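1. Below are the sequence and a predicted model; questions follow.
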Amino acid sequence: MSDVAKSTLIERAAGATPAPVVQVVRGLSDRAIAWLFISPTIVLLLAINIFPLIWTIKLSFTNFRANRPNAEVKNIGIDHFRSILTDPDVWAAMQATAHFVFWTILIQTVLGFALAYLLDRRFRGHGFWTTVILIPMMLSPAVVGNFWAFLYQPQIGLFNYVISFFTGIEPSSFEMIGSVKLAPWAIVLVDTWMWTPYVMLICLAGLRSIPEYIYEAAEVDRASKWRQFWTITLPMALPFIMLAVLFRGIENFKMFDLVNLLTNGGPGSTTEVASITLKREAFEKWRTGYSSAFAIILFVTVFGLANIYVKALNKVKSR
Amino acid sequence: MSRGISHAHSIVEPGPMSRRVAGFVVVLYAIVALVPLAWIFLTSIKTPPDSISYPPKVIFDPSLEGYCNLFTTRSRQTPEYLATLPPASSLCERIARDRNMVFVGPSNYAPRFLNSLIIAFGSTALSVLLGTAAAYGFSRFKVPLADDLLFFILSTRMMPPIAVAIPIFLMYRELGLSDTKLGMILLYTAVNVSLAVWLLKGFIDEIPREYEEAAMIDGYTRLQAFFRVVLPQATTGIVATAIFCLIFAWNEYAFAVLLTSGEAQTAPPFIPTIIGEGGQDWPAVAAGTTLFLVPILVFTVLLRKQLLRGITFGAVRK
């Protein structure tokens, strides 16, 4: 409706405009429209993404604390960066993050690819079951993660009970989020439950992009199914698998919501991934300058790793 | 996407046996993956004592207590005082009386849910509006440094939300935007617009330029051609993009928990704070979770085609 109204307005304006002006408007319009269309987005991103980023960089060289806005702000150079890189707690957090990222990606890729491969057999009802499998990834990680804390409760939680049902271990004999040994796996499990469908979908797109005739040719050459899988299916789906790994890697490196609600970094600091450390420094200890420096280190790390990875991905793609 | 018509009689068609096994394994996975969700729903219709019984109860008398508790705040009273009150007027009040409680007032769940609706739909509308315009601009015009700008737009998604939250927190405090719906709408739009531009540029690139050129030869202006020719063609892409933005904004937690506390707080940071006497009131938490998940479940099922297209398409392009 609104575009009809708009266009009549434009038509009326056009009708009332003297011919030379119309010429001018038409002549200029493309360029003007281009900027008119693009600039709001750029302005918004500059205001809410880039300006804050520059501010963070500025803060990272100061001793500013957001809970003491009137205190004198001193420039302290790269002290924060130096102390972060030598802080054993920070390295512990990076290790926890690495554990989380590595295992979630490994399990999700294997599981997601396997599911995609099976779904590609196109059994009856495969479309319906694809949708069903997708459901966990559509849900709020915070809201669902919070509920997983309940599922993980010893005794009253369903998880321990199910494990005990299948293995015979006493349900109250282990605590998923209370024990130093199991807590890192508790968050890996929930993340895997949520995000395997995402990897599966991208792998499925990869499998469906392989042209049929290649398999037909392989059949004619009497290549075994096993050989076809290793020489056709896997290499041709590899760029897609690598993309899924990239997206999950970036997301899980910055993982916050799930871990915050499930374990909040505990017990102790066993599951304190980088984002949780950042939250503690920035919004609990209010060391704004220090946490800004840490944020920059994290951003540079993600950005750097992602760029190296994309180069490798492009090599695989162009093969 | 599809393997063409030859598929039906293809020699590489998977055999019936392999199909059946594949189906069995996939269905098994799907059912196991749904158990936690089923448990959320079951917990929401349990009474608080049933919800924390050991062993966990699968069979129980359903109760609406969780939903009643979700929307109300109650206080404990002596039986003598309760006896002096007029009889309970509603089901929820009767349940509360049975536990020696009276209503004090409504809880914050309804306003938080409403905030979620306003912020999610507001930011989605804005991201799609800005994203469509920018995508058209990048797709059809020669923009100086277009590739750099596009990469810059996308790289803004790589920042950890907490890292962005620190300066946003300070900036919003200066501008008076902290804990306001407008502030959250702008923030979510900024996060979503990068994805929106990328997805929509792909969809608009696919629409042949000749359509608009023909329309412009017929006397349409560039803007008319955009509204009358390009927009209708791009509807599928716009819908797919909108679903993505909506899901993100609806589910977002990190910014919401750090930047809002009352006025503009959305449901995700609120739900974990629902407590009853002596710890979390799990049936109420489960009820709040269930109601919060329902809109997204409905969306997923109704719009699955656009959703699938959006996910895979976005992946392939990037």
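-> Now that the structure is in, tell me what you want to look at.
2. got the contact list for the residue nearest in space to the middle of chain A?
-> Centroid-nearest residue in chain A: residue A:251, 2.0 Å away (criterion: Cα atoms, centre = their mean). Taking Cβ atoms under 8 Å, 6 or more residues apart in numbering or on different chains as the contact definition, residue A:251 lies against residue A:195. (Each C-beta comes from the backbone N, C-alpha and C, glycine too.)
3. Which secondary structure element is home to it?
-> Applying DSSP states H and E as the criterion places residue A:251 in helix A:234-253.
4. cool, and residue A:306?
-> Taking DSSP H and E as the definition, one finds residue A:306 inside helix A:288-318.
5. dump the residue contacts of residue A:313.
-> A:239, A:242, A:243, A:246.
6. Cross-check those against chain B and keep the overlap.
-> Counting by Cβ under 8 Å from any Cβ of the partner chain, residue A:243 from the contacts of residue A:313 sit close to chain B.
7. between the contacts of residue A:313, which is closest to residue A:151?
-> residue A:246 (30.2 Å; Cβ to Cβ).
8. Looking at the closest one now. What's its pLDDT?
-> Note for residue A:246: predicted pLDDT of 89.
9. Shouldn't residue B:75 be within a strand?
-> Yes - using DSSP: H, G, I helix; E, B strand; the rest coil, the assignment for residue B:75 is a strand.
10. On the strand side of things, show who it bridges to.
-> Note on residue B:75: beta-bridge partners by DSSP bridges are residue B:102.
11. In contact with it, which residues are there?
-> So residue B:75 contacts B:101, B:102, B:104 (Cβ under 8 Å, 6+ apart).
12. my read: the last one touches residue B:93, true?
-> No - applying Cβ atoms under 8 Å, one finds residue B:104 not in contact with residue B:93, separated by 11.9 Å.
13. quick one, which of those two is more surrounded?
-> Using other Cβ atoms under 10 Å in any protein chain shown as the criterion, residue B:104 and residue B:93 rank with residue B:93 on top: 18 against 11.
14. Report the separation between the residue lying closest to the more buried one once chain neighbours are set aside and residue B:44.
-> With sequence-adjacent residues excluded and distances taken as Cβ to Cβ, 6 or more residues apart in numbering or on different chains, residue B:93 is closest to residue B:103, at 6.3 Å. Taking Cβ to Cβ, to the nearest Å as the criterion, residue B:103 is separated from residue B:44 by 20 Å.
15. could you check the angle helix A:234-253 makes with whichever strand or helix holds residue A:97?
-> Per DSSP H and E, residue A:97 falls inside helix A:88-119. With axes from the mean of the first three to the mean of the last three Cα atoms, to 10 degrees applied, the angle from helix A:88-119 to helix A:234-253 works out at 140 degrees.
16. Following the chain past helix A:88-119, name the next helix or strand.
-> Toward the C-terminus, helix A:88-119 is succeeded by helix A:126-138 as the next helix or strand (DSSP H and E).
17. Which residues of the stretch 201-319 of chain A lie near chain B?
-> Contacts of the stretch 201-319 of chain A with chain B, taken as Cβ under 8 Å from any Cβ, map to A:201-202, A:204-205, A:208-209, A:211-212, A:215-216, A:219, A:240, A:243-244, A:247, A:250, A:253-254, A:256-257, A:260-261, A:274-275, A:278-279, A:282-283, A:288, A:291-292, A:295-296, A:298-299, A:302-303, A:306.
18. thinking again about what came up before, close to chain B, is the helix holding residue A:97?
-> Yes - part of helix A:88-119 sits near chain B under the criterion Cβ under 8 Å from any Cβ, namely A:115, A:118, A:119.
19. these two touch, right, residue A:293 and residue A:60?
-> Yes - using Cβ under 8 Å, residue A:293 is in contact with residue A:60, at 3.8 Å.
20. Common neighbours of those two, please.
-> Residues touching both residue A:293 and residue A:60 by Cβ under 8 Å, 6+ apart: A:80, A:81.
21. Domains in the chain, by residue range?
-> No chain in the question, so chain A it is. Annotated domains of chain A cover A:2-59, A:81-318 [automatic domain parsing].
22. Hmm, no, I was thinking of chain B.
-> According to automatic domain parsing, the ranges for chain B are B:5-44, B:48-107, B:110-267+B:294-317.
23. okay, the ones you listed in a markdown table with mean pLDDT next?
-> Conversion of those to a markdown table gives the following (pLDDT from 0 to 100):
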| stretch | mean pLDDT |
| --- | --- |
| domain B:5-44 | 82 |
| domain B:48-107 | 84 |
| domain B:110-267+B:294-317 | 85 |
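24. and those, which is most packed in?
-> Most buried of the domains of chain B, by mean neighbour count (mean count of other Cβ atoms under 10 Å in any protein chain shown): domain B:110-267+B:294-317, with a mean of 19.
25. Please go through chain B and pick out the longest helix.
-> As assigned by DSSP state H, the longest helix anywhere in chain B is helix B:109-140.
26. pLDDT weak spots in the stretch 151-300 of chain A?
-> Residues of the stretch 151-300 of chain A that meet the criterion pLDDT under 70 are absent altogether.
27. Could I get the full set of helices for it?
-> A:158-167, A:183-208, A:212-220, A:225-228, A:234-253, A:257-262, A:274-279, A:288-318 (DSSP state H, counting those that start in this stretch).
28. on contacts alone, who are the packing partners of the first one?
-> Other helices and strands packing on helix A:158-167, by 3 or more Cβ pairs under 8 Å, 6 or more residues apart in numbering or on different chains; DSSP states H and E, are helix B:16-44.
29. Please apply the same query to the second one.
-> Taking 3+ Cβ pairs under 8 Å, 6+ apart as the contact definition, the neighbouring helices and strands of helix A:183-208 are helix A:88-119, helix A:126-138, helix A:141-151, helix A:234-253, helix A:257-262, helix B:304-317.
30. before we move on, the earlier item: residue B:202 versus the residue nearest to the centre of chain A, what's the distance?
-> Look at residue A:251 and residue B:202: by Cβ to Cβ, they are 21 Å apart.
31. Can you give me the buried ones in the helix holding residue A:97?
-> Residues of helix A:88-119 classed as buried by neighbour count (16 or more other Cβ atoms under 10 Å in any protein chain shown): A:90, A:93-94, A:96-97, A:99-101, A:103-105, A:107-109, A:111-119.
32. Count the neighbours of the nearest residue to residue B:275 once chain neighbours are set aside for me.
-> Residue nearest to residue B:275 in three dimensions, not counting chain neighbours: residue B:281, with 5.9 Å by Cβ to Cβ, 6+ apart. The number of residues packed near residue B:281 is 20, by other Cβ under 10 Å.
33. So residue B:281 sits against residue B:272, correct?
-> No - Residue B:281 is beyond contact range of residue B:272, at 11.4 Å (criterion: Cβ under 8 Å).
34. Just the buried residues of stretch A:233-250, please?
-> A:233, A:237, A:239-250.
35. Can I get those in CSV including distance to residue A:174?
-> Conversion of the buried residues of stretch A:233-250 to CSV gives the following (distance: Cβ to Cβ, whole Å):
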residue, distance to residue A:174
A:233, 39
A:237, 38
A:239, 41
A:240, 38
A:241, 34
A:242, 36
A:243, 37
A:244, 32
A:245, 31
A:246, 35
A:247, 33
A:248, 28
A:249, 30
A:250, 33
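36. so which two of those are the farthest from each other?
-> The most widely separated members of these, counting by Cβ to Cβ, are A:233 and A:250 (26.2 Å).
37. these two touch, right, residue B:204 and residue B:134?
-> No - Residue B:204 lies out of contact with residue B:134 (Cβ under 8 Å); the separation is 10.3 Å.
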